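Participant: predicted model follows, preceded by the sequence.
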Amino acid sequence: MSMATDGGATAAAPDPALERPAFLELFFDLVYVFALVTLATILANDLTWTGVAKVLVLLLAFAMIWALSVWTADTIDLTSPSGQGHLTSVAAASLLLAAVAAEAYGDRALLFAITFVFIPLSTTAYYAVVVSKGRPLRRSTIRIQTWKCVTGVGWIAGALVGGSGQLSIWALAIVVEYVGAVCGWPLPRIGRSRPGDWRLVHARVAERYRQFVIIALGVSIFVTGTTFSRSDYTLERALALLVVFSTVVLMWRIYIYRAGELLTDAIVRSTDPALLTQSAAITHLIMVAGIAGAAVTSDLVVNRPSGETPPSWAAVILGSPALYLIGRGLLDFTVFGRISRSRLAGVVLLGCLAPATTVLPPILVALLAMIVLALIAVANLASTRRHTRTPAPPMLG
């Protein structure tokens with residue numbers, strides 16, 4: 001997806017009726033449930049540093065499509081047949097991407113690349129034919145599509161090269177994608193896009209970010225339950241199921257506490273809501289990556305709860321909640337202008353546990369990670385009681 005309007009000070013105010021996500025957008029998210037399940041399965045089957053790098057590139061590719069579809073939904077009339085048809089076509093293309101992701105570094109590399117490049121091209125065509133109706137394309141459209149054409153060459157070239165070179169080329173392409181997005185897709189003469197140029201209904205966008213976290217949590221629960229149902233029913237595996245499920249519940253609880261609840265209000269009250277919305281997108285992507293790691297943990301722990309824990313397994317079991325806490329801490333900074341000490345303490349504790357994991361079975365490593373999250377949740381509960389007696393801190397403007 002791509003393209004938002006060049007709004008600035010002259011942009012029309014968003015329709016208050018659109019402050020809630022459309023039902024079609026929730027339907028669109030179902031494709032990304034499948035995509036995240038697929039990526040978690042791929043990583044569980046290839047738990048090496050190369051495997052992690054491959055899945056990370058694919059995750060960033062899917063996240064880019066999802067995030068830009070959220071940002072551009074404000075410029076598309078999703079009540080019209082054409083708007084609904086376009087978003088549905090993007091969902092269909094995303095489904096194809098997810099379906100071939102398992103072979104994205106193999107026989108279906110070219111199909112994956114062509115589909116990924118096709119999505120922004122189709123959006124440009126939609127804006128040219130339906131939205132602009134023959135008028136010149138907006139500068140935002142030109143900026144993003146120009147960058148997409150450049151990175152598209154990398155995606156196609158990587159697929160054609162194949163082998164070890166494919167990952168390097170695709171990694172470079174996705175880095176360029178995100179650098180372009182962060183910098184506003186700058187071009188000579190027309191400059192770069194600024195957060196204020198996007199005509200956003202910020203309350204709706206914040207809600208969509210929360211929904212993305214719920215999707216990731218749902219994927220973790222789905223993978224955990226599916227893994228357990230396909231294994232022999234033993235007490236050890238049942239305990240592993242309980243530990244992983246409790247970890248997911250704690251992630252939800254830690255997310256929703258204050259910053260997750262107050263994100264919409266923080267964006268509305270901010271002096272630069274578009275910039276705050278953009279920052280929140282990055283923090284949520286980090287958290288989703290950590291939650292997706294929890295889905296991989298469930299596959300590891302439930303299938304092999306006993307025995308020594310290989311270093312690569314420990315990196316996932318402890319690294320996933322650590323990554324999640326980093327993203328969650330950055331969300332605190334986005335909303336409140338500070339990072340909670342409990343988040344930092346949690347990351348440090350998880351790091352200190354790493355040396356002991358080589359002599360512990362996976363289920364105990366996962367249990368230790370769960371205990372760290374539980375301690376943070378308890379600290380949140382104590383903080384909640386304090387905040388019921390004292391005014392809330394000022395939000396970042």
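Facilitator: Cool, the structure landed.
Participant: so how far is residue 175 from residue 362?
Facilitator: Distance of residue 362 to residue 175, given as Cβ to Cβ, to the nearest Å: 33 Å. (C-beta placed from N, C-alpha, C; glycine too.)
Participant: okay, those two: which has more neighbours?
Facilitator: Using other Cβ atoms under 10 Å as the criterion, residue 362 and residue 175 rank with residue 362 on top: 26 against 14.
Participant: you'd agree the more buried one is up against residue 298?
Facilitator: No: look at residue 362 against residue 298 with Cβ atoms under 8 Å: they stay out of range, at 10.7 Å.
Participant: residues in contact with residue 290?
Facilitator: Going by Cβ atoms under 8 Å, 6 or more residues apart in numbering, residue 290 touches 251, 320, 321, 322, 323, 324, 325, 326, 327.
Participant: now tabulate these in a markdown table and tack on distance to residue 345, secondary structure and pLDDT.
Facilitator: Listed next are these as a markdown table, based on distance: Cβ to Cβ, whole Å; DSSP: H, G, I helix; E, B strand; the rest coil; pLDDT from 0 to 100:
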| residue | distance to residue 345 | secondary structure | pLDDT |
| --- | --- | --- | --- |
| 251 | 16 | helix | 93 |
| 320 | 17 | helix | 93 |
| 321 | 13 | helix | 94 |
| 322 | 12 | helix | 95 |
| 323 | 16 | helix | 94 |
| 324 | 14 | helix | 94 |
| 325 | 9 | helix | 94 |
| 326 | 13 | helix | 94 |
| 327 | 16 | helix | 91 |
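Participant: check those against residue 69 and report the nearest one.
Facilitator: Closest approach between the contacts of residue 290 and residue 69, by Cβ to Cβ: residue 327, at 20.6 Å.
Participant: count of neighbours near the closest residue to the closest one other than its chain neighbours?
Facilitator: Of all residues not flanking residue 327 in the chain, residue 286 sits nearest, at 3.1 Å (Cβ to Cβ, 6 or more residues apart in numbering). Counted with other Cβ under 10 Å, the neighbours of residue 286 add up to 18.
Participant: can you give the domain ranges for this protein?
Facilitator: Domain segmentation of the chain under automatic domain parsing yields 18-193, 202-387.
Participant: highest average neighbour count across those domains?
Facilitator: Mean neighbours per residue, mean count of other Cβ atoms under 10 Å, is largest over those for domain 202-387, with a mean of 20.
Participant: show me how far that domain is from its chain's centre.
Facilitator: Mean-position distance between domain 202-387 and its chain equals 13 Å (Cα atoms, centre = their mean, to the nearest Å).
Participant: what of stretch 86-106?
Facilitator: 16 Å.
Participant: averaged over its residues, what pLDDT does that stretch have?
Facilitator: Mean pLDDT, computed over stretch 86-106, is 93.
Participant: touching it from outside, list them.
Facilitator: Residues from elsewhere that reach stretch 86-106 (Cβ under 8 Å, 6+ apart): 1, 24-25, 27-28, 31-32, 34-35, 38-39, 41-42, 54, 58, 61-62, 65-66, 69, 73, 76, 78, 108-109, 111-112, 115-116, 118-119, 122-123, 126, 130, 166-167.
Participant: then that stretch to PDB, C-alphas only?
Facilitator: The C-alpha trace of stretch 86-106 is given here as PDB (Å, rounded to 0.1, in the frame of the first residue of the first chain):
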ATOM      1  CA  HIS A  86      -9.100  -2.200  -3.600                       C
ATOM      2  CA  LEU A  87      -8.500  -3.200   0.100                       C
ATOM      3  CA  THR A  88      -9.800  -6.700  -0.700                       C
ATOM      4  CA  SER A  89      -7.300  -7.000  -3.600                       C
ATOM      5  CA  VAL A  90      -4.500  -5.900  -1.200                       C
ATOM      6  CA  ALA A  91      -5.700  -8.600   1.200                       C
ATOM      7  CA  ALA A  92      -5.700 -11.200  -1.600                       C
ATOM      8  CA  ALA A  93      -2.100 -10.200  -2.600                       C
ATOM      9  CA  SER A  94      -1.000 -10.400   1.000                       C
ATOM     10  CA  LEU A  95      -2.600 -13.800   1.400                       C
ATOM     11  CA  LEU A  96      -0.600 -15.000  -1.600                       C
ATOM     12  CA  LEU A  97       2.600 -13.600   0.000                       C
ATOM     13  CA  ALA A  98       1.800 -15.500   3.200                       C
ATOM     14  CA  ALA A  99       1.000 -18.700   1.300                       C
ATOM     15  CA  VAL A 100       4.400 -18.700  -0.600                       C
ATOM     16  CA  ALA A 101       6.500 -17.300   2.300                       C
ATOM     17  CA  ALA A 102       7.700 -20.800   3.300                       C
ATOM     18  CA  GLU A 103       9.300 -21.100  -0.100                       C
ATOM     19  CA  ALA A 104      10.300 -17.400  -0.400                       C
ATOM     20  CA  TYR A 105      14.000 -18.300  -0.300                       C
ATOM     21  CA  GLY A 106      13.500 -21.200  -2.600                       C
END
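Participant: residue 120 belongs to a helix, doesn't it?
Facilitator: Yes: according to DSSP: H, G, I helix; E, B strand; the rest coil, residue 120 belongs to a helix.
Participant: test my guess that it contacts residue 150.
Facilitator: No: in this structure residue 120 lies outside contact range of residue 150 using Cβ under 8 Å: 11.6 Å.
Participant: contacting residues around residue 308?
Facilitator: Residue 308 makes contacts with 358, 359, 360, 361, as judged by Cβ under 8 Å, 6+ apart.
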